[in-house]
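> Compute the structure for the input listed below.
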Amino acid sequence: MHMTQSGAASGLDLNLLVALDVLLEESSVSRAAARLHLSEPAMSRTLGRIRKALGDPVLVRAGRTMVPTPHALAIQVEVRAVVERAHALFLAGGRVDLASLTRTFTVLANEFFTAVFGARLFAQVAREAPGVRLRFLAESHTDVPALREGVADLELGVIDTRSPEVRTEHFADARMLGVVRGGHPLLRGRITARRFAGGEHLIASRRGRLEGPVDGALAELGLTRRVVGSVGTFPASLFVLRESDLIGLITSQAAPLAAALGLETFEIPLDLPPLPFGMAWHPRHDADPAHAWLRDRARALMPAGG
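Below you'll find the predicted structure:
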């Protein structure tokens, strides 16, 4: 995919863009060299060409590591988009050679989704495309347009985006279950809405919320519960629940994680909305066969009906 320089052009050819993309991702000449199957001196020379072409240091030393300059950070998303579009253009007939594909996909996912399905996805990718790496990012405590800005290539989990430019695909609906430690007093006898509300509750919320759909459903019955606090992720909540009498929540798909920790799940005696699990991506990836392959593998993770 070499593109020759011409005239007084800056010399920023496609190979330099690919190298720049990897350098910014790795923030390391040695790791970038390994990714691109180059020697470190060759990678250093390439970095020198990039610096000359951009008129910017791109990466600067900070102690024992290297960090991108503000200009490099400002163009990183655009560089990634150009490289991805170029890869798609050069893949003839919409086909991709998975055995030789070298690429890193960034997946934005709820920690439960990663914990439940991550191993299967890693194994599938390793079998079919050993040169592909998956980088899972946790959901942020703030809502950022990660797909639009190129921070992530694919989002997996409960998809509730309202962005009209994002493609979404529904996999299956999950439901919420209650979860407590083994031997919890709530498990003795029938679990009614009143008994459920009478306990002390822990919420898992990436935004730090102290109420949720459960509180709305309880209010319709004239009931309230006492929420003692919240933690940032569902997996963290399981370890708190394991060592306390608090009552928590877990998705039906993640119930095996609770069982592995000796926790017990139960049906919540409330009318709660379903959780629409699926995936989302930016339409710039529609024609990219490598991305389409990843979407297909993600789709196969979850059987219809959740």
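
> just for the stretch 101-250 of the chain, where's the confidence low?
140-144, 162 (pLDDT under 70).

> can you pull the contacts of Gly232?
Taking CB atoms under 8 Å, 6 or more residues apart in numbering, we find Gly232 in contact with 141, 204-206, 208. (C-beta placed from N, C-alpha, C; glycine too.)

> my bad, Gln76
Neighbour list for Gln76: 21, 24, 68, 150 [criterion: CB under 8 Å, 6+ apart].

> at 7 Å instead, please
With contact set as CB atoms under 7 Å, 6 or more residues apart in numbering, Gln76 has these partners: Leu24.

> That one belongs to a strand?
No. Under DSSP: H, G, I helix; E, B strand; the rest coil, Gln76 sits outside any strand and is assigned helix.

> Could you check how many residues crowd around Pro68?
Counted with other CB atoms under 10 Å, residues neighbouring Pro68 total 19.

> That one reaches Leu24, doesn't it?
Yes. Between Pro68 and Leu24 there is a contact under CB atoms under 7 Å: 5.6 Å.

> In terms of distance to Pro274, which of the contacts of Gly232 ranks first?
Ala204 (17.9 Å; CB to CB).

> Can you name the residues bridging to the closest one?
For Ala204, the beta-bridge partners are Val231 (DSSP bridges).

> Distance of it relative to Gly131?
Using CB to CB, to the nearest Å, Ala204 is found at 35 Å from Gly131.

> The two: which has the busier surroundings?
The neighbour count for Ala204 versus Gly131, taken as other CB under 10 Å, is higher for Ala204 (23 against 14).

> residues in contact with the more buried one?
Per CB under 7 Å, 6+ apart, neighbours of Ala204: 230-231, 233-234, 237, 248-249.

> if you skip the residues just before and after it, what's nearest to the residue nearest the centre of the chain?
Nearest to the mean C-alpha position of the chain, by CA atoms, centre = their mean, lies Leu108 at 1.7 Å. Nearest non-adjacent residue to Leu108, counting by CB to CB, 6 or more residues apart in numbering: Ala152, 3.9 Å away.

> go on, Phe277?
Residue nearest to Phe277 in three dimensions, not counting chain neighbours: Phe171, with 5.0 Å by CB to CB, 6+ apart.

> Based on its surroundings, how many neighbours for that neighbour?
21.

> now swap in the one 3 residues further on and tell me
When counting by other CB under 10 Å, one arrives at 23 neighbours for Ala174.

> Equivalent analysis for Ala72, please.
Neighbours of Ala72 (other CB under 10 Å): 21.

> How is the residue nearest to Leu108 classified with respect to secondary structure?
Following three-state DSSP, the label given to Ala152 is coil.

> quick one: contacts for it?
For Ala152, the contact set (CB under 7 Å, 6+ apart) comprises 106-108, 137, 146.

> out of these, what pair is the most spread apart?
Farthest pair in these (CB to CB) is Val107 and Ala146. Separation: 10.3 Å.

> re earlier: the residue nearest to Phe277 contacts Ala300, correct?
No. Using CB under 7 Å, Phe171 is not in contact with Ala300, being 9.8 Å away.

> Contacts for the strand or helix carrying Arg31, please.
Assigned by DSSP states H and E, Arg31 belongs to helix 29-35. Residues from elsewhere that reach helix 29-35, judged by CB under 7 Å, 6+ apart: 19, 22-23, 26, 39-40, 43-44, 47.

> gap between it and the chain center?
Its chain's C-alpha centre and that of helix 29-35 lie 24 Å apart, by CA atoms, centre = their mean, to the nearest Å.

> On the pLDDT front, check the closest residue to Leu36 other than its chain neighbours for me.
In this structure, Leu36 finds its nearest non-sequential neighbour in Val22, 5.9 Å apart by CB to CB, 6+ apart. The model reports Val22 with a pLDDT of 89.

> Run a quick neighbour tally on Val22.
Neighbours around Val22, by other CB under 10 Å: 22.

> sorry, back to before: mind checking which of the contacts of Ala204 land in helices?
The helices, defined by DSSP state H, take in 234, 237 from the contacts of Ala204.

> could I get the contacts of Ala204 as CSV with neighbour count and distance to Pro164?
Below are the contacts of Ala204 laid out as CSV (neighbours: other CB atoms under 10 Å; distance: CB to CB, whole Å):
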residue, neighbour count, distance to Pro164
Ser230, 18, 31
Val231, 19, 33
Thr233, 16, 29
Phe234, 23, 29
Ser237, 22, 33
Gly248, 24, 35
Leu249, 21, 31
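
> Run through the strands of the stretch 51-200 of the chain in chain order.
In the stretch 51-200 of the chain, strands defined by DSSP state E, counting those that start in this stretch lie at 59-62, 65-68, 103-109, 132-138, 154-158, 167-174, 176-181, 200-204, listed in chain order.

> If anything else comes up later, I'll come back, but that's it for now.
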